[in-house]
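Asker: my questions concern the predicted model and sequence given below.
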Amino acid sequence: MEQLVTSILKSYGSHPVICNVDSDSRLDQEIIIEILNNVRRVLFPGYFETKRLHCSTISYHVGELLEDIQYKLTRQVRRALAHQRDVMSTPEENARRAVQIVRTFLERLVPLRETLAKDVQAAYDGDPAAYNTDEVIFSYPGVFAITVNRIAHELYALGVPMIPRIMTEYAHNLTGIDIHPGATIGEYFFIDHGTGVVIGETTIIGNNVKIYQGVTLGALSTRGGQSLRNCKRHPTLKDNVTVYSGASILGGDTVIGEGAVIGGNAFLTSSVPDHTRVSIKNPELQFRRGGNISTQEIRQEGFFNRKEQD
């Protein structure tokens, strides 16, 4: 055992990139997730509580939540600021900045609620299977993912490292929806079903946009690695765009025009004009019955043209 301990300690010195011993800036993932859930309780009062709320006591409840968020988030932000790139600051400076960041973040909760109310409405209006908006809030993975993303995006915009990504990866793990906190997303955004959706850091999405499962809004290439940091690598979707399942839209110069509809499994690396419909060529299906093959062409009009082949 002594020899094993010595060997592992030697490994710590050889690979410091995965070693965080003696760190005063270690983040606590569990506390960050607890903060996230408390923020959701403030944003959606009465939906995610473990106790009954009443109008006569709601002010005390909200005050208690906000105090807890402020205290814990300030500590985590102060630690996160020690991980800033190319910024040299003292612990005292980080502590003062953390206080200001958290104060600003809490002030943004009211406008954030207004935006989330529009997202919930978009999900309900856009899905005929939705029973009511309560069902949307409780159970829709797309609503959960965009809620977490909008919370994380506020911290990202305030210059907080690491914490926003921890939050969005938590949502990614639960829903299969991967939205980078740096993505800029407009109002009335709806992700239907959601599994497999990827939205990159520099993506810009307008208002009233709807996307389905398996959609990728990604970069053309990441071979440049860190040299591509701060470059526009991901596409722009203007207002009222719909992107159907399995579509991939790649590249920072790619702009999908207002009102465009991108069909399922489309692969785009160039811009699309306003009010354009994009779809892949109609496929041809083959059905085998015994020794015969029946070919079925799927036409855009929805009719079938069958060709019997020996």
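Answerer: Looks like it arrived, so ask away. Since the model is a prediction, treat every value here as computed from it, not as a measurement.
Asker: output the below-cut-off pLDDT ranges for the chain.
Answerer: Within the chain, the stretches with pLDDT under 70 are 222, 227, 291-310.
Asker: what ranges do the helices span in it?
Answerer: Ranges of helices in the chain, per DSSP state H, are 2-14, 29-43, 58-81, 91-107, 109-125, 133-139, 141-157, 163-175.
Asker: got the buried residues for the longest one?
Answerer: Going back to what we said before, that points to helix 58-81. By 16 or more other CB atoms under 10 Å, the buried positions in helix 58-81 come out as 61, 65, 69-70, 72-81. C-betas here are computed from N, CA, C, even on glycine.
Asker: ok, stretch 9-28 next?
Answerer: L27.
Asker: again, but for stretch 229-242
Answerer: Buried residues in stretch 229-242, counted by 16+ other CB under 10 Å: K232, R233, H234, P235, T236, L237, K238, D239, N240, V241, T242.
Asker: which residues touch it?
Answerer: With CB atoms under 8 Å, 6 or more residues apart in numbering as the test, stretch 229-242 has contacts from 183, 186, 199-211, 217-220, 222, 243, 249-262, 268, 274.
Asker: need the max-distance pair from the buried residues of stretch 229-242.
Answerer: Using CB to CB, these span at most 24.0 Å, a distance reached by R233 and N240.
Asker: the nearest residue to T276 once chain neighbours are set aside: how many residues sit nearby?
Answerer: Excluding the flanking residues, the one nearest T276 by CB to CB, 6 or more residues apart in numbering is A260, at 4.9 Å. Counted by other CB atoms under 10 Å, the residues lying close to A260 total 22.
Asker: and P235, how close does it get to A260?
Answerer: Counting by CB to CB, to the nearest Å, the gap from P235 to A260 is 11 Å.
Asker: repeat that for D68.
Answerer: Distance, D68 to A260, by CB to CB: 44 Å.
Asker: phi and psi next, for the residue nearest to Q84 when sequence neighbours are not counted.
Answerer: Computed as CB to CB, 6+ apart, the closest residue to Q84 that is not its neighbour in sequence is P161, at 5.7 Å. Main-chain dihedrals, P161, degrees, to the nearest 10: phi -80, psi 160.
Asker: hang on, the earlier thing: can you put the buried residues of helix 58-81 in TSV and add distance to N282?
Answerer: Below are the buried residues of helix 58-81 laid out as TSV (distance: CB to CB, whole Å):
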residue	distance to N282
H61	57
L65	54
I69	53
Q70	57
K72	55
L73	52
T74	57
R75	58
Q76	53
V77	53
R78	58
R79	55
A80	51
L81	54
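Asker: and the gap between N132 and D239?
Answerer: N132 is 27 Å from D239, where distance means CB to CB.
Asker: make that V21, sorry
Answerer: 50 Å.
Asker: burial of G257, as a residue count?
Answerer: Neighbours of G257 under the rule other CB under 10 Å: 17.
Asker: E187 now?
Answerer: 18.
Asker: ok, it touching K118?
Answerer: Yes: with contact defined as CB atoms under 8 Å, E187 counts as touching K118 (4.8 Å).
Asker: would you check that R150 makes contact with A117?
Answerer: No: R150 is beyond contact range of A117, at 11.6 Å (criterion: CB under 8 Å).
Asker: who has more neighbours out of the two?
Answerer: More crowded of R150 and A117, by other CB under 10 Å: R150, with 19 against 14.
Asker: tell me, how many residues neighbour R52?
Answerer: The number of residues packed near R52 is 7, by other CB under 10 Å.
Asker: got a list of what it touches?
Answerer: For R52, the contact set (CB under 8 Å, 6+ apart) is empty.
Asker: separation between it and I58?
Answerer: 11 Å.
Asker: overlap in contacts of those two?
Answerer: In contact with both R52 and I58: no residue, using CB under 8 Å, 6+ apart.
Asker: bridging residues for the most centrally placed residue in the chain?
Answerer: Compute the mean C-alpha point of the chain, and by CA atoms, centre = their mean the closest residue is I179, 2.4 Å away. I179 has these beta-bridge partners by DSSP bridges: I199.
Asker: if we can go back for a sec, packed most tightly, which of the helices of the chain would that be?
Answerer: helix 141-157 (a mean of 23; mean count of other CB atoms under 10 Å).
Asker: is it true that the residue nearest to T276 touches P273?
Answerer: Yes: A260 is within contact range of P273, at 7.5 Å (criterion: CB under 8 Å).
Asker: need the contact list for D192.
Answerer: With contact set as CB under 8 Å, 6+ apart, D192 has these partners: A123, G126, D127, G142, K210, I211, Y212, Q213.
Asker: that one and D119: what is the separation?
Answerer: Per CB to CB, D192 is found 12 Å from D119.
Asker: same check, this time on V39
Answerer: Look at V39 and D119: by CB to CB, they are 15 Å apart.
Asker: thank you kindly, that will do.
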